[in-house]
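J.: Structure for the following, please:
(2 chains)
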Amino acid sequence: MLKLHEISKSFGGVHALEGVSFELKRGEILGLIGPNGAGKTTLFNVISGILPTDRGKVELEGKNITGFASHLIARKGIFRTFQNLAIFDEMTVLENLLVGNHLLGRAGVFAAFFKTPWERKEEARIRSRALGLLKDIGLADSTNHPARSLPFGKLRMLELGRALCPNPRLLLLDEPAAGLNQRETEELAGFLAGLRQKEITMIVIEHDMSLVMELSDRVVVLDQGRKIAEGAPREIQQNKAVLTAYLGEEDWIKTLDKTHA
Amino acid sequence: MKRDWSLWAGLAVLIFLLPLFVKSPYYFSVLIFIAIYGMIVLGLTMLMGYAGQISLGHAAFFGLGAYFSSILTLYLHLNPWLAMAAGLVGTIVIAFLLGIPTLKLHGHYLAMATLGLGIVLQIIFKEEVKLTGGPTGLTGIPYLKAFGISFSNDRAYYLLCWIFMLVLLGLSINLVHSRTGRALRAISQNQVAAGTLGISVNWLKLMVFALSAGYASIAGSLYAHYLAFVNPSPFGFMVSVKLVAMVVIGGSASLWGALLGTALLVSLPEFLTRLQDYEMVIYGAILILVMVFAPRGLTGIAAKIFDLLRGRTRGENAQAA
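T.: From the prediction side, this is the model:
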């Protein structure tokens, strides 16, 4: 469904991405891994329309979406989360999800001005959907709390729920487990497994190797802006180039070994 | 939302009861100015507090409304209500034309562009003598009439202005609590995230900017028909700054703050007439004090007092969470 063709992006003289290509099938979960600075988040920013690419093409179901503004990318059904969280702090938990459902509505300024019956109906639909999702992500107790009062782990779930609001065709998760404790990571893994059952197509950037190896159908490895390996999780764990790329980051090699064993 | 509408109803009752107690035309004229400036500040609050953009030229849109009304009624003998509507459309179109190129850019380009527009319009108001009457302005602007009533006395005009205010306030309450209002708040808090959720950031900013210019235009028309006289001075840069000060002092993300801020800054000089020369100094001092001690403005202070009265402190809130 998603096809990346020779994506390149540089900042000044630094090549963040150099000719990255891969494809994604419908319903597939792709793990995107690589050492820090490999270009993973840059790739997400390119796909989601936050950054323009220098070269290359992004295709969604055969249609060229390269260079689309981020709100148009969202309209195509691609939603994402952020490594450092991008929650609307001053809104309530529910309001965050209501904003997440923005694309389910169409009412503009004038419908809102006069609260037309049609606008009320639409609001009710958006609200009930947001409340449903709130249950799914386990935050029903915090509905009207300001988002900033939530602990970090719950904010991660809130952001994930927000990205799920409008029924994404493709979900981009940027380190969903970062900053979570053991128990929260397990909960997240359970939740993501649930999404797999719903056959939601995903690309997941993750440093937690056991999580990513368990979840992914396929793994793509980036290093210094280039794709150095692609394959089933099992193949990746034995791939020499991958191990070399991670050389010096001993913890990672350990986790790679551990999941391999 | 319910709370907003109860406050709205309370305000409406107050407005209609007030003429029973207030008799002096002087107080009515102060209240009329609060309504007129309040409308501009209401729109500016949505632009600043909700969309996170600053305009330093709202007095110019105010002036556009006033001059459109004056010129169309004086030279073309247009019905004043029609002239007001035409002024509204004209002002919104000008705001769109200014907003389209500038709101695409990140940062405070809108502040710069509106500052420029304000200066240009001020020059036009002063120099296009044939059309605007130049620095001496235009006189003999007709009074507004409806249902056989001529709104020529202060009490009638007070009611008219505040009915306009109530309508605009009601529309704003609805807007703020709608999908669009949420999207605007989302933009002001995290523009990138708002975009990735499908919110068309530039378009919404443009809409709310044009809308706020429209509010200012209506206020301008009401101003022209009230005084029956316009000249360039009430539409200059210092007035634009004063309007921004009203938004900040009221608490920029609150419609009620807009009213409070306006009421304070319009009535203050009336009470401090002897200090007229120091007016701007006092504004500056108030602005700094608010920024330092009450960043959420008067509404923030009111909310804190309200919470204290209900025995709800921040600590307890956190515990409840």
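J.: Grab the nearest non-local neighbour of B:Ser150.
T.: B:Tyr143 (5.2 Å; CB to CB, 6 or more residues apart in numbering or on different chains). Where you see a C-beta, it was placed from the backbone N, CA and C, and this is true even at glycine.
J.: For that neighbour, give me its contacts.
T.: Applying CB atoms under 8 Å, 6 or more residues apart in numbering or on different chains to B:Tyr143 gives the contacts B:80, B:150-152, B:225, B:228.
J.: how far away is it from B:Leu160?
T.: For B:Tyr143, the distance to B:Leu160 equals 10 Å [CB to CB, to the nearest Å].
J.: next one: A:Lys57
T.: When A:Lys57 is compared with B:Leu160 (using CB to CB), they lie 60 Å apart.
J.: the more surrounded of these two?
T.: More crowded of A:Lys57 and B:Leu160, by other CB atoms under 10 Å in any protein chain shown: B:Leu160, with 19 against 15.
J.: Please report how far the residue nearest to the more buried one when sequence neighbours are not counted lies from A:Arg234.
T.: The shortest distance from B:Leu160 to any non-neighbouring residue, by CB to CB, 6+ apart, is to B:Phe151 (5.1 Å). Counting by CB to CB, the gap between B:Phe151 and A:Arg234 amounts to 82 Å.
J.: For A:Lys227, pull up the helix or strand it's in.
T.: strand A:226-231 (DSSP states H and E).
J.: which residues are common contacts for B:Tyr143 and B:Leu160?
T.: What both B:Tyr143 and B:Leu160 touch, as defined by CB under 8 Å, 6+ apart, is the set B:Phe151.
J.: Before we move on, what's the pLDDT of residue 10?
T.: In the absence of a named chain, this looks at chain A. For A:Ser10, the model assigns a pLDDT of 94.
J.: actually chain B
T.: For B:Gly10, pLDDT reads 96.
J.: List the buried residues in the helix or strand harbouring it.
T.: Take DSSP H and E as the rule and B:Gly10 turns out to sit in helix B:2-21. Within helix B:2-21, the residues scored as buried using 16 or more other CB atoms under 10 Å in any protein chain shown are B:4, B:8, B:11-12, B:15, B:18.
J.: same check, this time on stretch A:229-247
T.: In stretch A:229-247, residues buried by neighbour count (16+ other CB under 10 Å) are A:229-230, A:233, A:236-237, A:239, A:242-243, A:245-246.
J.: Now, those residues that are in helices?
T.: Counted as lying in helices by DSSP state H, out of these, are A:233, A:236-237, A:242-243, A:245.
J.: okay, stretch B:203-215 in CSV with CA atoms only?
T.: Extracted C-alpha coordinates of stretch B:203-215, given in CSV (Å, rounded to 0.1, in the frame of the first residue of the first chain):
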residue,chain,number,x,y,z
TRP,B,203,-6.8,27.9,6.4
LEU,B,204,-8.2,28.1,9.9
LYS,B,205,-5.8,30.9,10.9
LEU,B,206,-7.0,32.8,7.8
MET,B,207,-10.6,32.2,8.7
VAL,B,208,-10.3,33.4,12.2
PHE,B,209,-8.2,36.4,11.1
ALA,B,210,-10.9,37.4,8.6
LEU,B,211,-13.6,36.8,11.2
SER,B,212,-11.8,39.0,13.8
ALA,B,213,-11.5,41.7,11.1
GLY,B,214,-15.2,41.4,10.5
TYR,B,215,-16.0,41.9,14.2
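J.: ok, B:Gly214 - contacts?
T.: So B:Gly214 contacts B:43, B:88, B:91-92, B:95 (CB under 8 Å, 6+ apart).
J.: correct me, but the residue nearest to B:Leu160 touches B:Leu222?
T.: No. Contact criterion CB atoms under 8 Å: B:Phe151 and B:Leu222 do not qualify, at 9.5 Å.
J.: Now the common contact residues for the two.
T.: When contacts are counted by CB under 8 Å, 6+ apart, B:Phe151 and B:Leu222 have B:Leu160 as shared neighbours.
J.: So which of these two has more stuff around it?
T.: Shown here are B:Phe151 and B:Leu222; by other CB under 10 Å, B:Leu222 has more neighbours (25 against 20).
J.: which residues of the chain score low on pLDDT?
T.: No chain in the question, so chain A it is. A:247-261 (pLDDT under 70).
J.: hmm, I had chain B in mind actually
T.: Looking at chain B by pLDDT under 70, you get B:272-276, B:311-321.
J.: any idea which residue sits dead centre in it?
T.: B:Ile40 (1.5 Å; CA atoms, centre = their mean).
J.: so which strand or helix has that one?
T.: Going by DSSP H and E, B:Ile40 is in helix B:25-45.
J.: can you tell if that helix touches chain A?
T.: No. If you take CB under 8 Å from any CB of the partner chain as the test, helix B:25-45 misses chain A, and the best it gets is 12.4 Å.
J.: Okay, buried residues for that helix please.
T.: Per 16+ other CB under 10 Å, helix B:25-45 contains these buried residues: B:27-45.
J.: which parts of chain B sit against chain A?
T.: Within chain B, the positions near chain A by CB under 8 Å from any CB are B:171, B:174-175, B:178-183, B:185-186, B:189-190, B:192-201, B:207, B:211, B:317-318, B:321.
J.: can you rerun that using 7 Å?
T.: Residues of chain B lying near chain A by CB under 7 Å from any CB of the partner chain: B:171, B:174-175, B:178-180, B:182-183, B:185-186, B:189-190, B:192-193, B:195-201, B:207, B:211, B:318, B:321.
J.: measure the residue located most distally from the centre of chain A to chain B for me?
T.: Distance to the chain centre peaks in chain A at A:Phe114, reaching 36.8 Å (criterion: CA atoms, centre = their mean). According to CB to the nearest CB, to the nearest Å, A:Phe114 and chain B sit 7 Å apart.
J.: The residue nearest to that residue when sequence neighbours are not counted: how many residues sit nearby?
T.: Distances taken as CB to CB, 6+ apart put B:Asn174 closest to A:Phe114, at 7.1 Å, once the chain neighbours are dropped. Around B:Asn174 sit 21 other residues, with neighbours defined as other CB under 10 Å.
J.: Spell out the residue ranges of the strands in the stretch 151-261 of chain A.
T.: Taking DSSP state E, counting those that start in this stretch as the test, the strands found in the stretch 151-261 of chain A are A:170-174, A:201-205, A:218-223, A:226-231.
J.: strand partners of the last one, parallel vs antiparallel please.
T.: What that stands for is strand A:226-231. Note on strand A:226-231: by DSSP bridges, its sheet partners are strand A:218-223 (antiparallel).
J.: who touches the strand it pairs with?
T.: Strand A:218-223 is contacted by residues A:20, A:22, A:28, A:30-35, A:38-40, A:227-233, A:236, A:242, A:245 when judged by CB atoms under 7 Å, 6 or more residues apart in numbering or on different chains.
J.: ok, 6 Å please
T.: For strand A:218-223, the external contacting residues (CB atoms under 6 Å, 6 or more residues apart in numbering or on different chains) are A:22, A:30-34, A:38-40, A:228-230, A:233, A:236, A:242, A:245.
J.: ok so, going back, CA atoms only: put the helix holding B:Ile40 into PDB for me.
T.: Output in PDB follows, covering the C-alpha atoms of helix B:25-45 (Å, rounded to 0.1, in the frame of the first residue of the first chain):
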ATOM      1  CA  PRO B  25     -26.100  59.800  29.300                       C
ATOM      2  CA  TYR B  26     -22.500  60.000  30.300                       C
ATOM      3  CA  TYR B  27     -22.500  56.400  31.800                       C
ATOM      4  CA  PHE B  28     -24.400  55.200  28.700                       C
ATOM      5  CA  SER B  29     -21.700  56.600  26.500                       C
ATOM      6  CA  VAL B  30     -19.000  54.800  28.500                       C
ATOM      7  CA  LEU B  31     -21.100  51.600  28.200                       C
ATOM      8  CA  ILE B  32     -21.500  52.100  24.400                       C
ATOM      9  CA  PHE B  33     -17.700  52.400  24.000                       C
ATOM     10  CA  ILE B  34     -17.200  49.300  26.100                       C
ATOM     11  CA  ALA B  35     -19.600  47.400  23.700                       C
ATOM     12  CA  ILE B  36     -17.900  48.800  20.600                       C
ATOM     13  CA  TYR B  37     -14.300  48.100  21.700                       C
ATOM     14  CA  GLY B  38     -15.500  44.800  23.300                       C
ATOM     15  CA  MET B  39     -16.600  43.500  19.900                       C
ATOM     16  CA  ILE B  40     -13.100  44.200  18.400                       C
ATOM     17  CA  VAL B  41     -11.500  42.600  21.400                       C
ATOM     18  CA  LEU B  42     -13.800  39.600  21.200                       C
ATOM     19  CA  GLY B  43     -12.600  38.900  17.700                       C
ATOM     20  CA  LEU B  44      -9.000  39.600  18.600                       C
ATOM     21  CA  THR B  45      -9.200  37.200  21.500                       C
END
